[in-house]
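Trainee: okay, predicted coordinates and the sequence, questions at the end:
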Amino acid sequence: MTLRAPSTPGGARRDESSRRARRAWARREEAVWRLGGRVATLVPVGALVFVLAVLAVKAWPAIRVSGWGYLTGSSWLPGSTYGGVEKVHGVTIPVGAHYGAWPLVAGTLQTSAIALVFAVPVSILTAFALTEGLPGRIARPLGFVVEVVAGIPSVIIGLWGVLVLGPFLAHDVYPLIATHVPNVPVLKYLGGSVGYGEGLLTSGLVLGLMIVPIIASTTRDLFLQVPALPQEGARALGMTDAEVARRVTLPWVRSGVIGAAVLGLGRALGETIAVAMVSGSVLGVVSPNLYGTMTTIAATIVSQLDSAATDGTGFAVANLAEAGLLLAAISIAVNLAARAIVRRSGALRAPVGRA
Amino acid sequence: MDEITGRSPADAHVASVLRTLDPDRDRPAEVLAVQRLSVGFAGQRVLRDVTVALPRGTVTAIIGPTGSGKSTFLRTLNRMNDRVRGFERDGDVLLDGESIWSPAQDLLAVRRRVGMLFQRPNPFPMSIRDNVVAGVRAHGIARGKQLDVVAEIRLREVGLWDAVKDRLHGSPYRLSGGQQQLLCLARALAVGPEVLLLDEPTSALDPMSTEAVEALFKTLTPALTLLVVTHNLGQARRLSDATILFYDGQLAEHGATAQVFEQPQDPRTARYVQGLVG
């Protein structure tokens, strides 16, 4: 069986013409490739602009009615459900409707802060264990598990949070803290009623668990890039492993770790369904202590969208859109702040990879 | 006692701290005594039956072809190899008469007393001043304002003070390679070591920096004992009192530097120092 065509008279000419056809095809492919690349880069930029623009347009009635009061107000009242309407600043709204997003903003920032406080140290220790502390045959599968955990759907984590983690914490852990804190300013915040497991601290911890895999796997990859020589130098100077980690390894990748934390923070700020399940979904109040029920911007949008659609004036939806705009603004502000921190702390940092 | 009273106030301070901690230091003439040391990694023998003593306050050069075990030998002396996978040893290393692996020895203290300078400069990601005092801080030798004094003394000692005094809080990575290596030397000296292990310390430096660093090494004795691995035979001749030649994991020759270079006992040494092999 021959795989090659027998050479015939005129074969050379046919080769020549097929080569030309191939070159023409390659040129067309090149043009498509370049154009496709340009169009593709426009997609995310266009999507961002489009989303923000639509949100702003939808939110405009709410902005006109509430002004800055939206940021400071605490009530979340849809107003008359019997069709009674009034005009405020030229916008038709249900009678008695009043919206203030302060509790949502506070809840978003509080839960995300708790998540970071929990997740950053845990992630850094995990990364150290994966790169130095544990032998390779344990560390490799464990590292794989960490990455798999990052892929668990948040609704499952939320379900586990509300059925298992929340009740456990409220029953066995929170009381220990709450009954032992002295009644002084600041620490008082850790005392008081611990509730039934749905609320601020549970939400923060669930968010923290969700972002640990993101921060830990990024941090582990960063640690692997730190050159051995400075670490050896520190060890040769008589530093303990912990000192080597604290004074050499961690500072070496500090800006990268901050970046990883911001990545996690972005997820925590925007996480919706898990928080909607474990926060208690209570509108209009800032939790009086660490354990109280509350809600966040993202959780409110998802839990209120259905009922907001029943508001014939569209004012409820406008307020949710404004809340969404606020969340986008917070996320962008956090990213910019992180960049500023990285730039400032980068002064003494050696570029990764330089020995 | 001269050896530990040292040359500078910082040395004197370190020495006085040490005397307070350990008033009855009986100090043999050999600061390091290596006894029938064999080292291997996962069954692969790298060093075979090495016995050698380092007299206090001398400079000993270690020469030999690549892969002859020089660096392994050096890194064994401050226990940097202990945690390398499959590390196994036979024989012993005595520091001031006591085994560096004895359970009574504190690993961190051994490394403070036996310092190390590496092939390439390895400043830590912190300011120049913090680099110098990093070890001092870790060992609690000085604190607060004293750290500034230690930093200045050590930077003056290595001749770096004038170059860096206006940027003590700046990045060490903007210094030249030679300056970075001097900074690492200042850092190693700051904890008051008795022995300094130098692993090809000038191999990444240009000739001018090399000359400056070599000149500095000479000023460190007799307060310190230096052990320097080098591929540069000229450097070995210029610097050292004694020379060791490693060949295939074994100590092929050990003697006064002039004798090793001019009347080598081992034919392999003769070929190596004449540049015929290596």
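Mentor: Yes, it's here. In this text the structure is predicted, and so the values were computed from the model without any measurement.

Trainee: tally up the residues packed near residue 265, please.
Mentor: All of this refers to chain A. Residues lying near residue A:265 (other C-beta atoms under 10 Å in any protein chain shown) number 24. In short, each C-beta sits where N, CA and C put it, glycine included.

Trainee: that's the wrong chain, I meant chain B
Mentor: Residue B:265 has 13 nearby residues by other C-beta under 10 Å.

Trainee: same deal with residue A:98?
Mentor: Residue A:98 is flanked by 18 other residues according to other C-beta under 10 Å.

Trainee: you'd agree it is up against residue A:80?
Mentor: No - contact criterion C-beta atoms under 8 Å: residue A:98 and residue A:80 do not qualify, at 11.6 Å.

Trainee: and residue B:60, helix, strand or coil?
Mentor: Counting by DSSP: H, G, I helix; E, B strand; the rest coil, the backbone at residue B:60 sits in strand.

Trainee: could you give the bridge partners of the nearest residue to it once chain neighbours are set aside?
Mentor: Using C-beta to C-beta, 6 or more residues apart in numbering or on different chains and skipping residues adjacent in sequence, the residue nearest residue B:60 is residue B:242, 4.7 Å away. With DSSP bridges applied, residue B:242 shows beta-bridge pairing to residue B:60, residue B:256.

Trainee: look at residue B:242 and report its pLDDT.
Mentor: For residue B:242, the pLDDT comes out at 94.

Trainee: dump the residue contacts of it.
Mentor: B:55, B:58-61, B:254-257, B:260 (C-beta atoms under 8 Å, 6 or more residues apart in numbering or on different chains).

Trainee: now with 7 Å?
Mentor: Counting by C-beta atoms under 7 Å, 6 or more residues apart in numbering or on different chains, residue B:242 makes contact with B:58, B:60, B:254-257.

Trainee: and the helices in chain B?
Mentor: In chain B, the helices defined using DSSP state H lie at B:2-5, B:9-21, B:70-77, B:107-113, B:128-138, B:145-157, B:161-164, B:177-190, B:207-220, B:233-239, B:257-262, B:267-273.

Trainee: in the last one, what counts as buried?
Mentor: Within helix B:267-273, the residues that qualify as buried by neighbour count (16 or more other C-beta atoms under 10 Å in any protein chain shown) are B:268-270, B:272-273.

Trainee: could you dump the residues you listed to JSON lines with distance to chain A and pLDDT?
Mentor: Below are these laid out as JSON lines (distance: C-beta to the nearest C-beta, whole Å; pLDDT from 0 to 100):
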{"residue": "B:268", "distance to chain A": "31", "pLDDT": "86"}
{"residue": "B:269", "distance to chain A": "30", "pLDDT": "88"}
{"residue": "B:270", "distance to chain A": "34", "pLDDT": "87"}
{"residue": "B:272", "distance to chain A": "28", "pLDDT": "87"}
{"residue": "B:273", "distance to chain A": "30", "pLDDT": "86"}
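
Trainee: ok, so of these, who is nearest residue A:295?
Mentor: The nearest member of the buried residues of helix B:267-273 to residue A:295, counting by C-beta to C-beta, is residue B:272 at 77.8 Å.

Trainee: can you tell me which residues in chain B are near chain A?
Mentor: Taking C-beta under 7 Å from any C-beta of the partner chain as the criterion, chain B approaches chain A at residues B:78, B:80, B:108, B:111-112, B:115-116, B:118, B:120, B:122, B:124-127, B:134-135, B:138-139, B:171, B:173, B:184, B:187-188, B:191.

Trainee: which parts of the stretch 1-150 of chain A are helices?
Mentor: For the stretch 1-150 of chain A, applying DSSP state H, counting those that start in this stretch gives helices covering A:11-66, A:69-72, A:102-128, A:136-149.
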